[in-house]
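Novice: how would this look folded up:
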Amino acid sequence: MVELATERLILRDVGEPDRDVIRAILCDPKVRRYLGGPVPDNRIDAAVDAYYCARDDERVWTAQLAESSTIGLVSLTPHTDGRDTEISYQFLPNFWGKGYASEAISGVLAHAQTDLNLGRVIAETQAENLASWRLLEKVGMWPERSVIRFGVEQIIYVRLTVP
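Specialist: Here you go, the predicted model:
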């Protein structure tokens with residue numbers, strides 16, 4: 001996979017040193033509030049391992065502060081609708097509100113446009129997750145439609161990456 005760099009971050013393949021950070025992300029109630037809750041203990045090892053087994057149509061990057069630690073994850077994967085590519089992100093709460101997530105997402109979206117030739121990228125977030133709305137709008141995405149999934153309203157945000 002391609003390593004990406006932004007002003008403050010390095011986006012790189014998931015590596016063995018990231019295992020503890022991925023576990024922390026998947027177990028954190030704040031991070032997982034709108035993602036179905038923390039991953040249960042009996043499923044955590046499999047959930048962490050899944051980040052190391054991305055399929056050919058999936059791309060997962062760790063977001064790392066330059067010369068420092070991993071602070072989050074960004075991925076491009078097929079959406080459940082079977083048509084679109086979805087961008088997803090999860091960052092440790094200590095790094096929220098500092099612009100790291102928007103910087104990482106913008107870097108991946110630029111890569112999606114220039115290197116992957118993806119004409120359309122979506123993000124799905126719970127309607128109640130106002131912070132995610134603001135983040136997605138900050139990176140140039142806009143709400144396209146809503147759906148009910150997992151028993152709650154989800155908003156599908158879209159960004160056309162090719163003019």
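
Novice: Distance-wise, check the most centrally placed residue in the chain relative to Gly36.
Specialist: Central residue of the chain (Cα atoms, centre = their mean): Tyr89, 1.9 Å from the mean position. Applying Cβ to Cβ, to the nearest Å, the value for Tyr89 to Gly36 is 15 Å. C-betas here are computed from N, CA, C, even on glycine.

Novice: try Ile122
Specialist: Separation of Ile122 from Gly36 (Cβ to Cβ): 19 Å.

Novice: Contacts for the helix of greatest length in the chain next, please.
Specialist: For the chain, the longest helix by residue count, based on DSSP state H, is helix 100-114. For helix 100-114, contacts defined as Cβ atoms under 8 Å, 6 or more residues apart in numbering pick out 2, 4-9, 11, 61, 63, 65, 71-72, 74, 76, 85, 87, 89, 91, 95, 118, 121, 135, 138-140, 159, 161-162.

Novice: following it, which helix or strand shows up next?
Specialist: Per DSSP states H and E, the first helix or strand lying C-terminal to helix 100-114 is strand 120-126.

Novice: So for that following strand, what gets flagged as buried?
Specialist: Along strand 120-126, these residues count as buried under the neighbour rule (16 or more other Cβ atoms under 10 Å): 121-126.

Novice: What of stretch 131-140?
Specialist: By neighbour count with 16+ other Cβ under 10 Å, stretch 131-140 contains the buried residues 132-133, 135-136, 139.

Novice: I would like the residues contacting that stretch, please.
Specialist: For stretch 131-140, contacts defined as Cβ under 8 Å, 6+ apart pick out 34, 96, 101-102, 105-106, 109, 123, 125-126, 143, 155, 157, 159.

Novice: Pull out the buried members of those.
Specialist: Here, 16+ other Cβ under 10 Å leaves 34, 96, 101-102, 105-106, 109, 123, 125-126, 155, 157, 159 buried among those.

Novice: Many thanks, I have nothing further to ask.
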